[in-house]
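> My questions are about this predicted structure, shown below with the sequence.
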Amino acid sequence: MGTYKWEGLDKKGKRAIGHIVARNEKEARKILRSQGVRPKKLTPPSFLEFDISEWMIENGYAKGFGVKELTMFTKQLSIMINAGVPIIQSLEILVKSEKHAVLKRTIKEIAREVSEGMTIAEAMRKQRGFTTLYCNLVKAGESAGILDQILSKLADHMEKQERTKAQIKSAMMYPAIVVLVGIGVIYALMVFVVPQFMGMLESSGQEVPAITQFVVDTSIFFQTYSVHILVGLGVTVWLLMNFIKSKFGKPIFDKFMMGVPVFGGIVIKGNLSSFSRTIATMLSSGISLVDALDICVDTLDNVVIADDIREVKKQVTQGKTMYDPLARITYFPEMVASMIKIGEQTGSLDAMFLKVSDVFEEEVNTLIGGMTKMIEPLIIVVLGGIVAVILVAMYLPIFMSAGGT
């Protein structure tokens, strides 16, 4: 993007000059013509006027906006539309107030395309950062004339989704930190402390116990192959990450994670909570059940669960109820499937899915609390036990020597 100086004729045919911000000369001429200006001469921005931040955004080097920024934008747009401010004017106000460079440019592009006659949903679909779910809901809101309400629902939906993800991340953070610190302490003992005891034992010439010999041999192994171990770990992690991301590895990894005690329950309930809340939001916005299921499949992180929901959609497309295929899914609670059946029978499927989402969210919170209480003491006991064995192994020969004399 750059600022072009232009000379031409305005709407009245009078000579005029001005400046226009555009990505290139072609776009600058297009914008001017849409404003009723006939450009005769365009002067491109000089090198000194070159905007490095804009260049980075244009070429995809700048960091994109996240859910937090998008949620705030959605809330603000909803409030302004509800207050009666026209969409284009609302977007122009948000451009001026937005601090995030990428989102600022994105809103500017949306405002420009809407001013040229495009719908806001179509304009958003052309930009990065707006999911299929987001664009479809905005489209439904535009069609029904309730865009402010839809945007408000979207903001609420994104906030709750992020809250659940944040809870899972924070629950795993503390144990991960404890494990890393523990591994660091054990490594330091084996590489720096144990060798000093080895020198003392060798100079004394006394026979060492089996446990001490084992710790000494392990210490020598760590000292000799530290670089090999680190490189091996790095390569293993890299291969594992690529395997998980691959088409073949992702289903295997997701299936494995679903079977892990406690954590598997969090993965399943978290995905089902996300699915239920997403479909409730779409159904309440007027999107058909089949379309809602189709979009939901793309929002799920777990491909195994996504495949099962895809099968549910297939059955619904054939005219069957949701209850039958959902009840056949082994990890889907029968009670919840029955709630959905009641929702189908009473015509309140959106409200029932919202309640189901709350049920799953509550279960996720309970599982996270239980996992934290179980894992933290276990990690401390295991790491503490390893450190204790190392220390006992080192001091045991000293105690034996003192006892012998």
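Alright, I've got the coordinates. Computed from a predicted structure; not experimentally measured.
> and stretch 218-237, how far out from the chain's middle?
Centroid separation for stretch 218-237 versus its chain: 32 Å, with CA atoms, centre = their mean, to the nearest Å.
> again with stretch 124-140
Per CA atoms, centre = their mean, the centroid offset for stretch 124-140 relative to its chain is 17 Å.
> ok, now stretch 9-16?
51 Å.
> Just the buried residues of the helix or strand containing Ile107, please?
If you go by DSSP states H and E, Ile107 is part of helix 101-115. Within helix 101-115, the residues that count as buried by 16 or more other CB atoms under 10 Å are 102-115. From N, CA and C alone the C-beta is placed, and that goes for glycine too.
> Stretch 287-298 too?
Those would be Ile287, Leu289, Ala292, Leu293, Asp294, Ile295, Cys296, Val297, for stretch 287-298 by 16+ other CB under 10 Å.
> Tabulate the buried residues of helix 101-115 (a markdown table), appending distance to Pro209 and pLDDT.
Compiled in a markdown table, the buried residues of helix 101-115 are given as follows (distance: CB to CB, whole Å; pLDDT from 0 to 100):
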| residue | distance to Pro209 | pLDDT |
| --- | --- | --- |
| Val102 | 63 | 83 |
| Leu103 | 65 | 87 |
| Lys104 | 68 | 88 |
| Arg105 | 69 | 85 |
| Thr106 | 68 | 88 |
| Ile107 | 71 | 90 |
| Lys108 | 73 | 88 |
| Glu109 | 73 | 88 |
| Ile110 | 73 | 91 |
| Ala111 | 77 | 90 |
| Arg112 | 78 | 86 |
| Glu113 | 77 | 88 |
| Val114 | 79 | 90 |
| Ser115 | 83 | 87 |
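> Can I get those residues in TSV including distance to Lys245?
Below are these laid out as TSV (distance: CB to CB, whole Å):
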residue	distance to Lys245
Val102	24
Leu103	27
Lys104	31
Arg105	29
Thr106	27
Ile107	31
Lys108	33
Glu109	30
Ile110	31
Ala111	36
Arg112	36
Glu113	33
Val114	36
Ser115	40
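> still on that earlier bit, for the helix holding Ile107, name the packing helices and strands.
helix 52-58, helix 67-82, helix 87-97, helix 120-125 (3 or more CB pairs under 8 Å, 6 or more residues apart in numbering; DSSP states H and E).
> Check the offset of the third one from the chain's centre.
When distances are taken as CA atoms, centre = their mean, helix 87-97 is centred 27 Å away from the chain's centroid.
> Below-threshold pLDDT in this structure: ranges please.
1-2, 21, 23, 45-63, 204-206, 402-405 (pLDDT under 70).
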